[in-house]
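Visitor: Predicted coordinates and the sequence they were generated for:
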Number of protein chains: 2
Amino acid sequence: MAYNEVFQYSIVSALMDGVASRGPPIAHILEHGNHGLGTFRHMNGEMIVLDGQVYQMKADGSVVHIDPQNTITPFATVTRFQPTTTRRATVVGKVGLEALLTELFPKARNHFVAVRIDGVFRKVNVRTAGGQTKPREGMVDVCARQTTHTFEGVKGTIIGFRCPQYVMGINVAGDHFHFITEDRQRGGHILEFETEGDVDISAAQMSRFHLELPTEDDEFNDAELKLQAQGIKAVEG
Amino acid sequence: MAYNEVFQYSIVSALMDGVASRGPPIAHILEHGNHGLGTFRHMNGEMIVLDGQVYQMKADGSVVHIDPQNTITPFATVTRFQPTTTRRATVVGKVGLEALLTELFPKARNHFVAVRIDGVFRKVNVRTAGGQTKPREGMVDVCARQTTHTFEGVKGTIIGFRCPQYVMGINVAGDHFHFITEDRQRGGHILEFETEGDVDISAAQMSRFHLELPTEDDEFNDAELKLQAQGIKAVEG
C-alpha cells in the first residue's frame, strides 16, 4: 500500500457488539501500515503501532511488546505514515490539538488525518480496557471496567487519527489517540493530555480508505452492527 | 485489484449534498473494476458498467456508450466481478430478489454482494435522474425531476450491489440495481421488475472495500455530509 492510505480490519460497531474473538495475525495488519491503533482478542488492552512495533497496553498498567506473527487482532487501523506537515507547538488538551489539526489541515473536514506527537508531557490521562468477561460482551460494558492512569512529566509519543463524521460506526468519527512512554513501559487510550512546552507534531492528510471485513467469523456475521453513535462517543471520544 | 473487491469513488452523502461537479476520468474507475454503478457530472443520468463497457442512461430515455478517457464521474462503485454463485430462477420483484440473495448468501448480512442478472424481463420500471439545474443542487431535488420508463418483454441485464447497513451514507445500504437492454438502447435505475420465467443470476460476496475520496475539490471539502438516511432510501431505495 502507498504512503498515507488508511487500512482497517473490521469495524468499531463490531466491537460495540462484542465481536472480538477472531481476527488475522497482527503481521497481516503490518503489511499495510506501521502507525496506528487497535485492540486485542477479547478487547484485552489498547494497541499502539509505532514505527512498525506493536505494543499491548494492559489494564494493570503494564505494556507488552507484541510478536505480530503469534498475536491476532479483532480490530485495527493503520497507515504507512509519511508526514506531510510538521510543527513544533505547545498543546493544551484534546481541544487544543483539535484546533491545531484543523488549522494545519483546513481542507480535511471530510478526509482522514494521521497524527504523531513526540515530546515531553506535563500530564497524560489514559484508560485501558480490561477485556471481555464473557463472549460477545459489548464495548460499553467492557469499558465500564476500564482502568485509568495519570502520567506526569513523561517523555513519550502520541499516535492516532482524525476520521470524518461519515465513518462513525465503521471507525470513530473525530479524533482518537493512544499514548506510550519513551521507555515503552506505560500507556493507554488518551482521555486528556497537556504538553510540557513545545513538542514535535507530524501529520498527513489521507484520502484513501481500505476496509477488510472479517470472514469465516460467525460472531461478525450474526452481529446486528447497528450504529451506536452515542455509545461510541462515550467510550472512544 | 483482486476479483470481487469493492472500489468506490466519493460517497453517496456527497451526492445528497449536491457535490457532483468534479471527479476522475471513468478510465480511472475501470482500473478497479468492470461491473458497477454510478452517475455522471451534475448527476446527469444513470451509469451502468457492464463487462467493462460504460453506458450513460439519460432522462430522455436515450443511452450513450461512454468514452471512459474523456468523461468524468463524481461517484461510482465497481468491482472486478467473478461470480462465485450462479442460479437459474424466476424473480418476482425487488422483494423476490432480496429473498433470493439472502438465501444464496446466508453469511452476507454484514458483507457486500455483487449481482448480475441476464435474461428476459416481463416488466422493468426504471427512473433516470435528469441532472442538476444549478451547482450544489442536492440529489433529493434532482430526483424530484426524474423521469420514469417501463419496458415490457425486453431482454437485458441487471447490474448492482447489496451493501451492509453500516455503510449507509457512504453508499446505499441494502440493494441497488441498474438495468440496460441487450441492444444497449434503453435502461435506468430499477424501481421494480419481474422476469419472464427463469433468468441467469450470478453473484459474489465481497469482504474488501476500497474508498477513494475527492481531493482538490472545494465542493467536497465544504459539504457537511450529514447522514440523510431517509433521503437516501427515498431516492435510491
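Guide: Now that the structure is in, tell me what you want to look at. Residues are numbered from 1 along each chain as shown, chains lettered A, B, ... in the order given.

Visitor: contacts and neighbour counts: CA atoms only from here.
Guide: Fine.

Visitor: Show me which residues of chain A are close to chain B?
Guide: A:107-111, A:165-167, A:169-170, A:207-215, A:220-222, A:225-227 (Cα under 8 Å from any Cα of the partner chain).

Visitor: Which of those are buried? Put it as a ChimeraX command.
Guide: ChimeraX command restricting the residues of chain A next to chain B to the buried ones, with burial defined by 16 or more other Cα atoms under 10 Å in any protein chain shown:
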select /A:107,108,109,110,111,165,166,167,169,170,207,208,209,210,211,212,213,214,215,220,221,225,227
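
Visitor: which ones among the residues of chain A next to chain B are found in strands?
Guide: Taking DSSP state E, the ones among those that sit in strands are A:R208, A:F209, A:H210, A:L211, A:E212.

Visitor: quick one, helices of chain A?
Guide: Taking DSSP state H to define them, one finds helices in chain A at A:12-16, A:26-30, A:93-104, A:139-144, A:218-222, A:229-236.

Visitor: Kindly compare burial across these and name the winner.
Guide: Of the helices of chain A, the one with the most neighbours on average (mean count of other Cα atoms under 10 Å in any protein chain shown) is helix A:12-16, at a mean of 26.

Visitor: check contacts around A:G130.
Guide: Listed by Cα atoms under 8 Å, 6 or more residues apart in numbering or on different chains, the contact set of A:G130 reads A:M43, A:N44, A:G45, A:K58, A:A59, A:V142, A:C143, A:R145, A:Q146, A:T147.

Visitor: Narrow these to just the buried residues.
Guide: Buried, going by 16+ other Cα under 10 Å: A:M43, A:N44, A:G45, A:K58, A:A59, A:V142, A:C143, A:Q146, A:T147, out of these.

Visitor: got the phi/psi numbers for the fourth one?
Guide: The phi and psi torsions at A:K58 (degrees, to the nearest 10) take the values phi -100, psi 160.

Visitor: Do I have it right that it meets A:T128?
Guide: Yes: using Cα atoms under 8 Å, A:K58 is in contact with A:T128, at 6.1 Å.

Visitor: what sits in contact with each of the two?
Guide: A:G45, A:E46, A:G188.

Visitor: thinking again about what came up before, and the helices of chain A: which comes nearest A:T73?
Guide: helix A:26-30 (6.0 Å; Cα to Cα).

Visitor: From the contact counts, what lies against the closest one?
Guide: Counting contacts by 3 or more Cα pairs under 8 Å, 6 or more residues apart in numbering or on different chains; DSSP states H and E, the secondary-structure elements packed against helix A:26-30 are strand A:75-79.

Visitor: change it to 7 Å
Guide: Applying 3 or more Cα pairs under 7 Å, 6 or more residues apart in numbering or on different chains; DSSP states H and E, one finds that helix A:26-30 makes contact with no other helix or strand.

Visitor: lowest-confidence helix or strand of chain A?
Guide: Using mean pLDDT, DSSP states H and E, helix A:229-236 stands out as the lowest-scoring helix or strand of chain A, at a mean of 82.

Visitor: What lies in contact with that one?
Guide: Residues outside helix A:229-236 that contact it (Cα atoms under 7 Å, 6 or more residues apart in numbering or on different chains): A:V140, A:C143, A:M168, A:G169, A:V172.
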